[in-house]
Each structure stands twice: as structure tokens, then as C-alpha cells.
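Visitor: This is a predicted model, with the sequence first.
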Amino acid sequence: MTTPTSAGSRHRTTDVLVVGAGLAGLSAARQASAAGARTRVIAKGWGAQYWLSGGIGVLGYHPLGQAQPVASPADALAALAADQPRHPYALAGVSAVAEAVSDIQHACADNGLALEGSIDRNWLLSSPLGGRRPICLAPSTMTGGDLTRRDPMLIVGLTGYPDFPAGLVAANLEAQDMAATAAEVDLVSFRQRRFLNATVLASLFDLPEIREEAARAIRPRLGSAGRVGMPAVLGMESSEEAVSHLSDLLGVEVFEIATAPPSVPGIRLHRALVRGLVGSGVRVSSGMQVVGSESNGSTIEAVYSEAAARRVRHAAGSFVIATGGILGGGLITDEDGSVTEVVADIPVKSPATRSDWFRREVLDSAGHPIYRAGIEVDSGWRPLDSGKVVWENVTVAGGLLAEAETIREHSMDGVAVATGFLAGRAAAASLVPG
Amino acid sequence: MRRVATEVLVIGGGATGAGVVRDAAMRGFEAILVERRDLSHGTTGRYHGLLHSGGRYVVKDPEAARECIEENRVLRRIMPHCIEDTGGYFVVTPWDDLDYVPKFVDGCITAGIPVEEVPIGQMLREEPLLNPKISVCLRVPDASADSFLATEATAASAREHGSTILTYHEVTEVVRDGDRVVGARCHDLVSGEDLEIAADLVVNASGAWAGKIAGTVGLDVQVLAGKGTMVAINHRVVNTVVNRCKMPADGDIIVPIHTVAVVGTTDDRVTDPDHFAIEPWEIRLIIEEGARLVPELPAMRILRAWAGVRPLYQETSVADTRDVTRAYTLLDHSTRDGVDGMITITGGKWTSYRQMAEVTVDRVCAKLGTERACRTHVEVLPDPERHDGPRRYHRLGARLARIEADEAFGELICECELVTRSDVQRSIIESEARTLDDVRRDTRVGMGPCQGGFCAYRVAALLHELRSIPIEDANVALRDFLQERWKGELSILWGQQLRQERLDELIYLSLFDTEHLPGPRSSNLGPSMYEEFAPETTS
């Protein structure tokens, strides 16, 4: 909800306030900060990276419903932009998407995380169930699992960890004509734990002695495997070291395969980006859910976050709203068919009535219309209401934007990175001294 | 076609059919039960879970009320592990007529139902979310029951007594030889084979489908399908069954069951028990009426909506299904239609299923010319978890207590419902679960707030591992289950539950690539969807 401001302009210490700390918000903050704006990020939580695979998916399927994934995101982006001129990628333009993807690759590299690949080619990697998952940039710990290679894989599961069913993964890979066998290893050190999830395991694999124990258990099972795929829990802070250590111990290449959430590679990616921002003087705060804003004419003066004790006012010259769509919590849907934007009550483009929200099959390849609901923006990423700019000093990025079906397109990371990149730049450029 | 012979063939794997086959087996008959899907797949698995005290019927149908309280006592004795002793309230809200109260109390006394007044202050201490404007609260021995578990236990007992339970065997036709029914032909949905079962007597216990089954041999049995829609709220908003103290009507009951509360129901006559819709007005009405009992209800998160079809037998056509008797109906087609060899048991309600089975098997005995006493009211049902010691009522904290005692934290497959790997294993191996939905009915996997988001793939992996099925079958089982969960969410998806559903899409589509995994997109064991809801302007 937005209320008119009571006082005039107050002293401010933030030029660009980014609301949301997913890939869109962090990308926006990086650009705003690089442009010299005093930048701050506030967020309720950490965005979708904790669920996703830790790479950058740009475009995996286009048109939707194709059996074969996109080979080259760059080529498919051009087709998508032509097919859907209101899609965020079309608004961004293919060259800006490429620039943004390359920039995030550098940002990660600068902060100790190697993402491999380029916008010209998708990797095909195993999904946590053995599906073929297209992804543009992949962590270097995962690329050994390239499914276009023919050397046989041993897929290793860990007893007590239910989120990586190695037998199922290998069977699915085999059924898609890839040579894979499965083994499950039962490590004594894990038996002492009451509970094994991805983050617990990742901390354990930070320890060299755990890796040695794992290698001892895996070695007799190697058979003719030329490489070994393990769940992506091989170290939280030292994954590249852990993977190379395991490869040395086993004498074959070891690679990680994405797991069901929580996603350790996603956490690594998020942490690398936050580390970079903090290093360049950007404050990044979580636990701050923005619940409303304060306006003056056609500008937003401040937003309010809800905390346990009181509301906190955050004034800034410019705002990037990157709170995510329905998934991120930036859009609230209701029984009456309404869809509401939470920060600044920006009008949302959505299907007219709730009976139009869904299709009959959950896996419908075109997706459910409600998930394309979102905010329409102008070329400067400012929110529109019937073609007119709603707030002059607000830009919008990521899952909040209308028209994309980021889950079925496998474009969630790429849309966030590209639109965050551009909205952050636009926010910094639009600043008037204050 | 494969052929087998038996003394008694029971058609229908709901509570009644399972009750009949158990009773028949305990009386020494050779018996086979066939069910077209899984046990409890029909109405039994789609009701609100109330073990009636009889209170709901004391004014309208005193005979049904007496029947309920008698069976209430029996079921508490023979299947305590399937029952949570919540107790029940009948409350007078500002929308209800106080004149009903003395009629209700007199009715309870006449029917033999213990009833006591609960002071409003005490009621609000016990159930703080109830409407403080409630003026009268009366306590009766209602309870909540796990109908899935009860049917499984009943079937397990039947197996122990030597009978055969064939799930996923759909009756394609009852076989008639002249003026005599001699068996039935079935299609095995799993193997794709046909099976003919010759029987001395066929018991048609197919509930709302009884008319369809009887129709295959030209018998005219009119069973109305009274659709009842209900929703599950993601919390136990009450720990006591709460009824409105008035003539039974739409949306007047909340039943706490396991981790959720079920609010219901509607009552809408449909022409076909296999084809009906959940309509938006039903959901709105349930929420509005439920809010009269729990004012905060409209702001709460609904996990799911579903509908079951009450079997309501009638000899003549009646418009409002709620005025058709809830007492059961036993038809002997030899006296009614001149066709021997088949009897039909239909109507009734879950609470009286055992009694329905008893009178049915009494008739079986008479028809087969023997006299054998019923023992189902005294012999306790097996507990699949095989707890030692005296039987106790189920209580909400039991699963957590068991996990803590076993230190089985790492064994959790479904965190929402605290289902462990060994629970799923038992379902797959001992209960012969074929689909993820079968496992759900046995264990409650996928019934919590994430609606299978974090457990369905784990169960699919266990199905693949433990059954050694082709990978394509595991993949399609997973896809079928996602569609099955979707079926129950479509009519209630907004707010936080829509957000949850989108997270499930992220996991299954973006992360797992489930839609592209090898195998068919769906199977014949998958769900049959509710119809599209009709445009409201024409309803």
C-alpha cells in the first residue's frame, strides 16, 4: 500500500534501494553500485537460488512444448524476441542479455566461483532425477556431467540422504541412451548424524577426511566408469577443491549433479554475489519484508519494512523492485481473482477471472496463464499502467515482470540477471542529486 | 480369459465391501473382493472423517441416530488405532435457532447418546478459535476416524481369514445365466488381463456405483449420487469435532483429522458418480459457513478441496438428496427382481459400515443355506504398525513420538505428515501399493501443505527401487501423482497455496525436468479429473 509522504525531501544516505535479494536484485545492485550510486539491498529472504541448480539458465525450451531442449540460447533468444515482443528478453534485447550473462559470470569468477559456458551453447546436465537439464552457465564442479559425452558414468548416492536417488537417476539416464550405473555408499561418519540434508552434507564434504572416506567406499564400485556423478553437496565453501580432491583420490573425474532443494550450488552462487557486493560497499540485509511505500506525486520517497518491533522507513532516490512474482512473494493472489503488487501497489497484468488462471493438466507445456501475470514496463524498466509510467523513480526486474513462463522456459536465472542488470543501470542513471 | 471360482464375490473396495469380505471370511466363506482402483478410492476415501455419535441425526432421523451410537461404541472397541477420540460439540451460533436445542437434547437422550452442556468459557478455553458469539455448546461422543487406515485394517483382517483382495480389478460386467447371477468379469488395470470370477453369490457393495453394476445385468437399482464437497485447512483449527446445532445443512461441520481440519460439506445431486465438478460456489459457501464457527477461517490457507458421492438409494425419484434416508438398503434381487445369486448393499454412512456388512452377510448365510454367527463386533482389527500392548486411540502426537523414540529423523520421506521410509516401504511391499496415490492413502504422504512437493519424487524412487519396476513406470507414476494432487488444488489455488504450487512447479519442471523423463505422459492408473466447473451464470 502506498501513502502520500507527509514531509518534503529528507536527508538520504541511499541512492538506489533494491528490494529483493534474488538474482535480479543482486544483479541490479551490482550495476547500480558500479555506476557509482550508493546502493543498498533489503529483502525478506534470499530469493529462488536456494532452490535452483546454482547455474544460470537462460533459455532451455523454445517454443514451449518442444521435446528437444534449446541448443544455443543466443539463437533461441532471437526467435523468442520475435515471437513474444512483450517478453522481458525481447524488451532487453539479445545483446544486453548476452552482456548481462557474461557480467554475472565475471562477478562470480571474481568471488571465487567458476561458472563455465557461454550464451552460444547450453550444457546438457543430469537433473536430480536423471532428466536432461539444459543450462547456459554451469558451475565448474558440474560440467564433467556433460551428457553429450559418451564415457560411462557411475552415479553415487549416499545412504541416508533421500534427495538424490542414484538408482533412479542412472535408470533414467540409461533409458535415454547414456551409459550410467548406480551405487549407493553408506559412510560410517554419516550414520552418526541424526539427519542428513544437502547443507549438512556440504559442510561435511568441506572436510578432507570425509572425502577420503567417501573415496574409499566408492573405489571398489567404480567398475568401468570413466567418471563419477555425485549429489551437489561436495563442500559448501570449498567445492572446487573438494571435487578435484575426490577426482585425485578416485583417479577418475568426479562431478556434481544438482539435487532437490535446498540447493548447495545455489547457496554458493548467492553467497559469491553477496560477497562481491559487500566488498564493494553495498549493504545487503535480509529479514526485512517490505510492506508498503510512501509517495510524493509520481515518485516513491521511501518504502517500509516490517520487523518484529516496528516498521522501518527506507528512503532512497530510486528504487529497484525485485521481489519476485507469485513464487517470490512480490505478487499476492486472492480468491476473488485479484493480483496485487506488495511494495508500491503497481497495477498487475493478469487473467481477467480466476477461472482463466489454470489449464487442466498440471504439466501443461504452455503453462498456466496466472504465472505469466506481472508488471508491464517501459524501455527504462519503469512500471506502466495502461501505457503510462506509474512511478518515475522505480524500476522493476525479475520474476515480477509480465509475460514470461520462466519455469517452463528454464529462463528464471537469465531473466533475473538480464532485467536486473538493466533495471539497476536505469535506476542509477535516473538519479537526481538529493 | 483366466477363470477362478469362489463362494462369495464382493464388488467394491470401500468401507462396506471391505466390511462384507471380512465378515464373510470370518464366518468361514471363501471370498474374493474386487475393487476397480485402490481400497478407499471412492466415497470412503473422500468423506470428512467423522465417526458419528448420531447427534447429527437425532431430530431428523432418530433410527439412524440410534444406529450410529451403537456402532460408534463398536468401532471404538475394534479399531481404536483408526480413531482419534476428539469428542464433538454441537454449538448454537447467532445464525442458528435456539428452539432446536431442546429437540436436540431430547433426541440424544432418546437415542442413548450421552450429551452434556459445556459452559461457553470452558468451550473457548478448549477451542480458542471458535466464535465467541456461540451461545450454547453441547458435547457428544463424536470422534474423527481415518477411513483409509480402517479399510486397510479391515482388508488385512479379511486376508488373515483367507480371503483375496483384488485391487485395480474393474468389473466390466456381472455375469447372468438365465435368471441367475453366476459371477463377474473383471479387467485388471495393472496387467491388462481379464479375469472371470464364478461365485455362488455376488454382493454388490459398490456404493454410489451400485446402480451401474446392477445395470450390467439389466437390474434397475436407483442410487442417487449426493455430491459432498469439502476442504482441508492447513491447521487443526479445532481439536474437537464441531457441528452446528441445527438441522444438517451445507458447511456446518469441522472435523480435525491428523494434521488438518476438514470443513464441509455441500450436498448436490449429480447424475453420474464418475463425472461431476467442484464448483466455485461450493468453496465460497464452505468458507462462509465455516467462518460462522471459526471467524478467522477465510484468512487461512486451504490445502485442497475434494468431493465424494454419497450413495442414496431410492425407489422413487426425490429432488433434494438430503431427504433421502441415510439408513442403508439391502436388496435381495431374487425377491425384488426374480434374479437370484446377487444382493446389493448400498446407502448408509461410514460409521455404520460394519453393521451393514453384518446384515449383508446374515443374508449371505440365509441364501447359501447356512447359519453362522457374526463376530466382527468383538474381534479387534489388526494394527499394521503392530504395536505391542493394549490398543489405544490414535493421537496426533503419535507419529512424532515414534520418530523420536526410534531416533528416525533421517528416515523422513514426508516432512509435512511425518511419514518415514519404513512406512512407505510397508505400503509398497505389504499393502502392494501400485501408485503414489496408493501410498498416500496408506501413509498420508503428500497430504500436507506442500502437497507432495518434497516427497513425491522420494516415494517414486522407493517405488522404483523396491518394486524393481521399469523406469518409465516410475516416471509415469510420479507424473500421475502430480496430476492427482493438482486435481484437488485447482479449485482452491490462490494466495499462499498458489505460491506453494509454483514452488512445486519449480522443483518438478525447472529442476527435475519431470515432463521430459522417459515414459508415457500419464497412465490408466492416474486420476480422473473433476469436470470443468460450469460457468457461474448458468448454474
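Guide: That came through fine.

Visitor: how about the nearest residue to whichever residue of the stretch 301-434 of chain A sits closest to chain B, chain neighbours excluded?
Guide: Residue of the stretch 301-434 of chain A nearest chain B, by CB to the nearest CB: A:Val362 (3.6 Å). Where C-beta positions appear, they are placed from N, C-alpha and C, glycine not excepted. Distance criterion CB to CB, 6 or more residues apart in numbering or on different chains; nearest residue to A:Val362, sequence neighbours excluded, is B:Trp486 at 3.6 Å.

Visitor: Please give the element, helix or strand, for that neighbour.
Guide: helix B:471-489 (DSSP states H and E).

Visitor: Report the distance from that helix to the chain centre.
Guide: Its chain's C-alpha centre lies 21 Å from the corresponding centre of helix B:471-489 when counted by CA atoms, centre = their mean, to the nearest Å.

Visitor: Let me know how buried the closest residue to A:Ala344 other than its chain neighbours is, in neighbour terms.
Guide: With sequence-adjacent residues excluded and distances taken as CB to CB, 6+ apart, A:Ala344 is closest to A:Ser293, at 4.7 Å. Applying other CB atoms under 10 Å in any protein chain shown, we find 26 residues neighbouring A:Ser293.

Visitor: is it true that A:Ser293 touches A:Val342?
Guide: No. Judged on CB atoms under 8 Å, A:Ser293 makes no contact with A:Val342 at a distance of 9.6 Å.

Visitor: dump the residue contacts of the residue lying closest to A:Met153 once chain neighbours are set aside.
Guide: If the residues on either side of it in the chain are set aside, A:Met153 comes closest to A:Ala180, at 4.5 Å by CB to CB, 6+ apart. By CB atoms under 8 Å, 6 or more residues apart in numbering or on different chains, the contact list for A:Ala180 reads A:130, A:152-155, A:169-170, A:173-174, A:229.

Visitor: how about the residues of the stretch 1-150 of chain A that lie near chain B?
Guide: With CB under 8 Å from any CB of the partner chain as the criterion, the stretch 1-150 of chain A meets chain B at residues A:48, A:51-53, A:57, A:67, A:127-133.

Visitor: What subset of these is buried?
Guide: The neighbour-count criterion (16 or more other CB atoms under 10 Å in any protein chain shown) marks A:48, A:51-53, A:57, A:127-133 among the residues of the stretch 1-150 of chain A next to chain B as buried.

Visitor: from those, which is closest to B:Val10?
Guide: Nearest to B:Val10 among these: A:Leu129, at 39.5 Å, using CB to CB.

Visitor: wait, is the closest one part of a strand?
Guide: No. A:Leu129: not assigned to a strand; according to DSSP: H, G, I helix; E, B strand; the rest coil it is coil.

Visitor: Could you double-check that it lies in contact with B:Tyr457?
Guide: Yes. Counting by CB under 8 Å, A:Leu129 does reach B:Tyr457; the two are 6.2 Å apart.

Visitor: any common contacting residues for these two?
Guide: When contacts are counted by CB under 8 Å, 6+ apart, A:Leu129 and B:Tyr457 have A:165, B:512 as shared neighbours.

Visitor: wait, what's in contact with residue 409?
Guide: In the absence of a named chain, chain A is used. Contacts of A:Glu409 by CB under 8 Å, 6+ apart are A:59-62, A:64.

Visitor: Let me rephrase: I mean chain B.
Guide: Contact analysis of B:Phe409 by CB under 8 Å, 6+ apart lists A:194-195, B:403.

Visitor: ditto for B:Arg434
Guide: B:38, B:167-168, B:190, B:525.

Visitor: so which of the residues you listed is the most crowded?
Guide: Ranking the contacts of B:Arg434 using other CB under 10 Å puts B:Asp38 first, with 26 neighbours.

Visitor: give me the beta-bridge partners of the closest residue to A:Arg382 other than its chain neighbours?
Guide: Nearest in space to A:Arg382, with sequence neighbours left out and distances taken as CB to CB, 6+ apart, is A:Val389 at 4.8 Å. Note on A:Val389: beta-bridge partners by DSSP bridges are A:Leu384.

Visitor: what does B:Trp306 give?
Guide: B:Met230.

Visitor: For burial, what's the neighbour tally of it?
Guide: 21.

Visitor: For the closest residue to A:Glu306 other than its chain neighbours, grab phi and psi.
Guide: Excluding its sequence neighbours, the residue lying closest to A:Glu306 (CB to CB, 6+ apart) is A:Val291, at 4.7 Å. A:Val291 adopts backbone torsions of phi -120, psi -10, taken as degrees, to the nearest 10.

Visitor: can you tell me which residues contact A:Val291?
Guide: Going by CB under 8 Å, 6+ apart, A:Val291 touches A:1, A:304-306, A:311, A:342.

Visitor: Which stretches in chain A count as helices?
Guide: For chain A, helices defined by DSSP state H occupy the ranges A:23-34, A:73-83, A:88-92, A:94-110, A:166-175, A:188-191, A:198-205, A:208-218, A:239-250, A:264-279, A:406-409, A:412-429.

Visitor: list the buried ones in stretch B:516-530?
Guide: Judged by neighbour count using 16+ other CB under 10 Å, the buried positions of stretch B:516-530 are B:516-519, B:523, B:525-527, B:530.

Visitor: these two touch, right, the residue nearest to A:Arg382 and A:Asp378?
Guide: Yes. Between A:Val389 and A:Asp378 there is a contact at 6.0 Å, judged by CB under 8 Å.
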